[in-house]
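> Turn this into a structure:
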Amino acid sequence: MRSSTQLDTATTGTTRLPDSLCTHTLKCPTAASPDREAAHVVAAHPEQGWSLLCNAVVLFEDTGELLPDGRVIAPHRPLVIVI
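Numbering: from 1, shown residues only. Predicted coordinates for the structure are as follows:
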C-alpha cells in the first residue's frame, strides 16, 4: 500500500504531486473546490512569484493558478473602480 503523501512518477519519468498534501485537522479545500486558494502554503517562493498550496495548487502572485491536473486558471484580480 502506498502512502498518501508519496509522490507519483509518471511514465515519462517526471514527478507529479499527489492530489493533496494536506495533513491538517479540518482538511483544506481540495483543488476542485471554489475556495481552493484558502489551503495552507507548503512552499513559498515570493522572489519567483509563486506558492505551492497543500492541495497541490500552484498559486501565482498575479492570482493565476496551476491546478494539479495541469489546467490553468487565468489571473482574476478584482477590478479597481476609480471614482
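
> For residue 48, grab phi and psi.
phi -110, psi -10 (degrees, to the nearest 10).

> quick one: it and residue 23, what's the gap?
25 Å (CB to CB, to the nearest Å). Backbone N, C-alpha and C define where each C-beta goes, glycine included.

> And these two? Which one has more around it.
Per other CB atoms under 10 Å, whichever of residue 48 and residue 23 has more neighbours is residue 23, with 12 against 9.

> right, and residue 76 touches residue 63 too?
Yes - applying CB atoms under 8 Å as the test, residue 76 and residue 63 come out as touching, 5.3 Å apart.

> quick one: contacts for the most centrally placed residue in the chain?
By CA atoms, centre = their mean, the chain has its centre lying nearest to residue 57, at 1.0 Å. With contact taken as CB atoms under 8 Å, 6 or more residues apart in numbering, residue 57 is in contact with 31, 36-37, 39, 65-68.

> now it: how far from residue 80?
Residue 57 is 25 Å from residue 80, by CB to CB.

> same question, residue 44
In terms of CB to CB, residue 44 sits 25 Å off from residue 80.

> who has more neighbours, those two?
residue 44 (12 against 5).
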